[in-house]
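starting from these lines, generate the structure:
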Amino acid sequence: MKLGIIGLGKMGSRIAQKLYEENHEVLVWNRSFKTAEDFVKNLDRGPAAKALKVDMKIFSLPTQGSKKLNLKIEGSNESSENFASPRALATIEELVLSLSKPRIIWLMLPAGEATQSALDEVQKFLQKGTL
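Residues are numbered from 1 along each chain as shown. So this is what the prediction gives:
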């Protein structure tokens, strides 16, 4: 799943981190672009994703009384290398337009002016089907 997170405070950053660890593609925006850049630079996929990088060799051995199976799969699970790195975006417009439809945008901002301002900006670029 690809989604945008607006707001990287205590809750927003933890939500973005968790989604990233679960191998979702995360785009982030914060009022302070440096905060967003630092967040992305310091992200860690976590132990579950690191386990995906382990080389795997799977062999099927015949059990007693069964026909011999000629199944052999070898190789690395390279899918973890294909996950998109999170991106810090400079504007809300860039974040919204970088998401494919249906767009999923999650605001984690304090109630009041910060939330209203972000909603007003996001709304300029929304179309039917945005969550």
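
what segments of this structure are helices?
10-21, 33-41, 46-51, 92-98, 113-123 (DSSP state H).

residues contacting V40?
28, 85-88 (C-beta atoms under 8 Å, 6 or more residues apart in numbering). Heads up, the C-betas are built off the backbone N, CA and C, glycines and all.

please apply the same query to L119.
L107.

of all the helices of the chain, which one is nearest G4?
helix 92-98 (4.6 Å; C-beta to C-beta).

alpha carbons of the closest one, as CSV, please.
Below are the C-alpha coordinates for helix 92-98, written out as CSV (Å, rounded to 0.1, in the frame of the first residue of the first chain):
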residue,chain,number,x,y,z
ILE,A,92,1.6,19.0,0.3
GLU,A,93,0.8,19.3,-3.4
GLU,A,94,3.8,17.1,-4.2
LEU,A,95,2.8,14.5,-1.6
VAL,A,96,-0.8,14.4,-2.9
LEU,A,97,0.1,14.2,-6.6
SER,A,98,2.8,11.5,-5.9
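
elements contacting it?
Contacts defined by 3 or more C-beta pairs under 8 Å, 6 or more residues apart in numbering; DSSP states H and E place helix 92-98 against strand 2-6, strand 25-29, helix 113-123.

ok, back up a step: who wins on neighbours among the contacts of V40?
V28 (25 neighbours; other C-beta atoms under 10 Å).

my read: that one touches G4, true?
Yes - at 7.3 Å, V28 counts as touching G4 under the criterion of C-beta atoms under 8 Å.

and for the two, which residues touch both?
Common neighbours of V28 and G4 (C-beta under 8 Å, 6+ apart) are 89, 95.

brilliant, that's me finished.
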